[in-house]
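K.L.:
Structure for this input, please:
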Amino acid sequence: MRDPDFINFQPTKFNRREFVMTTLATGFAAAVQPVSAQTQITTDTAGLTAGEVKIPAKGGDMPAYRAMPANGKNLPTVLVVQEIFGVHEHIKDVCRRFAKLGYLAIAPELYARQGDVAGKGMDDIRKVVAQVPDAQVMGDLDDSAAWAAKNGGDPNKLAITGFCWGGRITWLYAAHNPKLKAGVAWYGRVEGAGTELQPKNPMDVVTSINAPVLGLYGGQDAGIPVEGVMKFKAALAAAGKKAEFVVYPDSPHAFHADYRPSYREKDAKDGWSKLLAWFKQNGVA
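P.N.:
Model prediction:
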């Protein structure tokens with residue numbers, strides 16, 4: 001089965017500038033239904049300020065989900081980058097998990113100019129996501145970090161984590177923002193052919209990566225071969241970059257997604273523990 005964040009739809013030239021999606025979707029994306037209710041984790045909002053916010057960005061106000069300790073100030077900040085399915089309930093819950101641990105977590109809807117993927121099937125989702133320029137995503141993450149710094153976050157303690165589509169973005173953002181303290185990429189694509197709007201993959205920006213990044217991958221991921229991950233690891237080491245990798249031998253793609261059959265509880269929990277330790281080790285927490 002092909003990795004769902006792999007996009008082979010060829011985009012047309014990006015020319016939209018205004019947001020077409022003005023609010024976040026509720027619940028889970030249609031493409032991941034039915035949800036595995038027995039394993040789905042739900043984090044409450046007790047003691048938190050949590051919900052949708054609007055972030056000033058190029059073209060208008062971008063919807064995002066923000067969670068933080070109530071009345072928190074100078075909080076370590078983590079940008080949470082969505083799976084290919086957008087900012088649906090799982091991504092929101094990840095934000096609340098971070099907030100319970102003292103972070104300001106924010107997940108911007110990075111497809112908001114191109115459309116809402118919540119009600120679409122995989123083929124239509126790929127067509128939307130293929131229209132999202134990497135340059136736009138980098139700018140929107142910068143704007144999200146700037147918003148967080150003005151709303152309770154500490155700009156000197158900025159981290160990023162992303163899943164699936166967002167795993168690739170995590171590596172790219174580590175090469176984009178020199179102020180980033182640390183990143184954790186969950187099963188993000190590391191190599192492949194570029195397109196007009198997504199011209200480079202992590203393998204192409206090895207020498208530009210600024211922040212320490214931890215990569216968490218599944219040994220049974222049919223769309224991201226372990227051989228490619230190891231080649232990327234070697235390239236980072238050769239370039240003198242601080243990066244570590246954990247490959248869970250028996251896990252498939254999306255092993256952290258507790259609402260899907262791909263979820264592997266033991267490896268997901270271990271990865272989460274390693275993420276928290278990585279952030280602490282690198283001056284975020």
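K.L.:
which secondary element of the protein has the worst mean pLDDT?
P.N.:
Ranking every helix and strand in the chain by mean pLDDT, DSSP states H and E puts helix 122-129 at the bottom, with a mean of 92.
K.L.:
ranges for the strands of the stretch 101-250 of the chain?
P.N.:
Here the stretch 101-250 of the chain has its strands, by DSSP state E, counting those that start in this stretch, at 104-108, 153-163, 182-186, 213-218, 243-248.
K.L.:
in the least confident helix or strand of the chain, what counts as buried?
P.N.:
M122, I125, R126, K127, V128, V129 (16 or more other Cβ atoms under 10 Å). To be clear about C-beta, it is placed using only N, CA and C from the backbone, and glycine gets the same treatment.
K.L.:
Next, format the strands of the stretch 101-250 of the chain as JSON lines and append mean neighbour count and distance to T49.
P.N.:
Shown next, in JSON lines, are those (neighbours: other Cβ atoms under 10 Å; distance: least, Cβ to Cβ, whole Å):
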{"stretch": "strand 104-108", "mean neighbour count": "28", "distance to T49": "9"}
{"stretch": "strand 153-163", "mean neighbour count": "23", "distance to T49": "12"}
{"stretch": "strand 182-186", "mean neighbour count": "29", "distance to T49": "24"}
{"stretch": "strand 213-218", "mean neighbour count": "26", "distance to T49": "28"}
{"stretch": "strand 243-248", "mean neighbour count": "17", "distance to T49": "32"}
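K.L.:
I'd like those strands laid out as a markdown table, including distance to K73.
P.N.:
Compiled in a markdown table, these are given as follows (distance: least, Cβ to Cβ, whole Å):
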| stretch | distance to K73 |
| --- | --- |
| strand 104-108 | 10 |
| strand 153-163 | 9 |
| strand 182-186 | 21 |
| strand 213-218 | 27 |
| strand 243-248 | 31 |
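K.L.:
These into CSV, with extra columns for mean pLDDT and distance to V87?
P.N.:
Supplementary listing: these in CSV, determined by pLDDT from 0 to 100; distance: least, Cβ to Cβ, whole Å:
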stretch, mean pLDDT, distance to V87
strand 104-108, 98, 5
strand 153-163, 98, 11
strand 182-186, 98, 16
strand 213-218, 98, 20
strand 243-248, 98, 25
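K.L.:
residues near Q82, how many?
P.N.:
Neighbours of Q82 under the rule other Cβ atoms under 10 Å: 26.
K.L.:
pLDDT score for it?
P.N.:
The predicted local confidence for Q82 comes out at a pLDDT of 96.
K.L.:
Same question for the one 5 residues further on.
P.N.:
The confidence metric pLDDT takes the value 96 at V87.
K.L.:
thought it was touching A25?
P.N.:
Yes: in this structure, V87 is within contact of A25 by Cβ atoms under 8 Å, at 7.3 Å.
K.L.:
of these two, who's got more company?
P.N.:
The neighbour count for V87 versus A25, taken as other Cβ under 10 Å, is higher for V87 (28 against 19).
K.L.:
what sits against that one?
P.N.:
Listed by Cβ atoms under 8 Å, 6 or more residues apart in numbering, the contact set of V87 reads L24, A25, P63, A64, Y65, A107, P108, E109.
K.L.:
Does the first one belong to a helix, a strand or coil?
P.N.:
For L24, the assignment made with DSSP: H, G, I helix; E, B strand; the rest coil gives coil.
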